[in-house]
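K.L.:
here's a sequence, model it:
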Amino acid sequence: MSSTATGPIEIGSYVDKLAHRLGSSWPSLVAARNRAKQKHNILAGLLKGETSPDVSIVVHGSLARLEFTSESDLDWTFLVDGQANPQHQKDLLRLRKKLEDSNEFDQPGPEKTFGMLTFSHQIIHMIGGENDSNANTTRRILLLLE
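P.N.:
This is a model prediction of the structure:
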């Protein structure tokens with residue numbers, strides 16, 4: 001690890017390797033990474049005990065990429081890997097309220113791609129065709145990329 005006037009640069013990512021090789025620093029990227037780490041710790045505390053054997057809470061977007069800024073919202077998915085259960089919807093609503101009440105994160109955009117209940121079956125089996133949706137394709141791609 002090396003450091004700059006704006007903070008430590010962890011050698012490892014391609015951006016960090018490029019900065020190190022060029023002898024450069026990008027304070028905005030360092031600040032976004034540091035902010036993302038702080039927000040990740042806050043989110044981990046808020047989500048403690050919120051998963052179960054068939055539920056994962058998946059974070060996408062700038063927080064997942066460690067590029068969180070003051071303009072970032074929290075893109076997340078309540079991912080169920082199993083049978084539908086009425087409790088899942090109740091858990092989703094409780095979690096959504098918990099995140100809103102924390103005032104730590106801006107809520108996902110109005111498109112309803114994120115902050116929603118999603119089943120792994122849809123992501124895996126509804127690829128293309130008339131049964132797929134833009135939201136499903138977006139979630140699938142982000143799960144693969146981030």
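K.L.:
so the spatially most central residue of the chain, which state does it fall into?
P.N.:
Residue closest to the mean C-alpha point of the chain, counted by CA atoms, centre = their mean, is residue 59 at 2.1 Å. Three-state call for residue 59 (DSSP: H, G, I helix; E, B strand; the rest coil): strand.
K.L.:
partner residues bridging residue 106?
P.N.:
residue 73 (DSSP bridges).
K.L.:
which residue sits farthest out from the middle of this structure?
P.N.:
What lies farthest from the middle of the chain is residue 23; by CA atoms, centre = their mean that is 30.6 Å.
K.L.:
and it, its phi and psi?
P.N.:
Dihedral angles of residue 23 (phi, psi; degrees, to the nearest 10) stand at phi 70, psi 30.
K.L.:
try residue 64
P.N.:
Backbone torsions for residue 64, taken as degrees, to the nearest 10, come to phi -70, psi -30.
K.L.:
need the pLDDT of it.
P.N.:
At residue 64, the predicted lDDT confidence score is 89.
K.L.:
for residue 83, same thing?
P.N.:
At residue 83, pLDDT is 88.
K.L.:
burial count for the residue lying closest to it once chain neighbours are set aside?
P.N.:
Closest residue in space to residue 83, ignoring its immediate chain neighbours: residue 54 at 7.7 Å, by CB to CB, 6 or more residues apart in numbering. Any C-beta I mention is one placed from the backbone N, CA and C, and that applies to glycine too. Per other CB atoms under 10 Å, the neighbour tally for residue 54 reads 13.
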